[in-house]
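Chemist: Fold the following, please.
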Amino acid sequence: MTFHNAEIEGLVIIETKKFFDERGFFFESFQQEKFDDYIGRKTIFVQENESCSIKNVVRGLHFQKPPFAQGKLVRVPFGKVLDVVVDIRKNSITYGKTFTIELSQETGKQLWIPEGFAHGFISLQENSLLSYKCTNYYNKESEDAILWNDKNLKIDWNSNNPIISEKDQLAQEFSTFVSPF
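Modeler: Below you'll find the model as predicted:
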């Protein structure tokens, strides 16, 4: 496993090395000690979620408000997604900036998203599976979202026909958003 800081402070790209032979492949997808050493703190994951999406489904931009804020370690064991993150830490020099990365089963890349970011993705292939470990439990009253296609964020979702849930279509605009972080 190798770790790289992304352009936005706090985001970390994790690359894994796959070992192939005639039977298939093997790789280490997570190692707590290496992860904690790189992040610089002890991280405890308490919940793991999976989302399977058909091509062109957009999910996001979601987050949980404190005290139920979540850090997420995201990976794609099957398929391919464009993963999108927005910095919503009001005292950050990159507040309102977006970061995108393609995650797929081929590359095995993962993304660490600490608390204080909104997160979403678009499925670039049929039945893409997104898996993510969370540092806090889901809490319905704490969930929130920013409008996926907010004009101020200028996110290129790379799709002419995105499939969006009603809930995500009704999310708040970034211009009226008051960050709890």
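Chemist: going forward, measure contacts between C-alpha atoms and count neighbours the same way
Modeler: Will do.
Chemist: what helices or strands is the lengthiest helix in the chain leaning on?
Modeler: Across the chain, the longest stretch assigned as helix under DSSP state H is helix 32-39. On a contact count with 3 or more C-alpha pairs under 8 Å, 6 or more residues apart in numbering; DSSP states H and E, helix 32-39 meets no helix or strand.
Chemist: quick one: buried residues of that helix?
Modeler: Phe35, Ile39 (16 or more other C-alpha atoms under 10 Å).
Chemist: quick one: that helix to chain centroid distance?
Modeler: Centroid separation between helix 32-39 and its chain, computed with C-alpha atoms, centre = their mean, to the nearest Å, is 18 Å.
Chemist: Partner strands of the helix or strand that comes right after it and their direction?
Modeler: Using DSSP states H and E, the helix or strand that follows helix 32-39 towards the C-terminus is strand 47-53. Strand 47-53 pairs in its sheet with strand 128-134 (antiparallel), by DSSP bridges.
Chemist: what mean pLDDT would you report for the strand it pairs with?
Modeler: The average pLDDT for strand 128-134 rounds to 98.
Chemist: can you give me the offset of it from its chain's centre?
Modeler: Its chain's C-alpha centre lies 8 Å from the corresponding centre of strand 128-134 when counted by C-alpha atoms, centre = their mean.
Chemist: and the gap between Phe3 and Pro67?
Modeler: 28 Å (C-alpha to C-alpha, to the nearest Å).
Chemist: wait, Asn5
Modeler: From Asn5 to Pro67 the distance is 26 Å (C-alpha to C-alpha).
Chemist: what does Ala171 give?
Modeler: 21 Å.
Chemist: More neighbours: these two, which one.
Modeler: Per other C-alpha atoms under 10 Å, whichever of Ala171 and Pro67 has more neighbours is Ala171, with 19 against 10.
Chemist: List the residues that contact the most centrally placed residue in the chain.
Modeler: Centroid-nearest residue in the chain: His119, 4.8 Å away (criterion: C-alpha atoms, centre = their mean). By C-alpha atoms under 8 Å, 6 or more residues apart in numbering, His119 lies in contact with Gly60, Leu61, His62, Phe63, Asp83, Val84, Val85, Val86.
Chemist: give me the element it is part of.
Modeler: Judged by DSSP H and E, His119 forms part of strand 117-123.
Chemist: Run the angle between that strand and strand 128-134 for me.
Modeler: With axes from the mean of the first three to the mean of the last three C-alpha atoms, to 10 degrees applied, the angle from strand 117-123 to strand 128-134 works out at 160 degrees.
Chemist: pLDDT of strand 117-123, averaged?
Modeler: Mean per-residue pLDDT for strand 117-123: 98.
Chemist: For the nearest residue to His4 once chain neighbours are set aside, list each beta-bridge partner.
Modeler: Nearest residue to His4 in three dimensions, chain neighbours excluded: Ile13, at 5.1 Å (C-alpha to C-alpha, 6 or more residues apart in numbering). Beta-bridge partners recorded for Ile13 (DSSP bridges): His4, Leu111.
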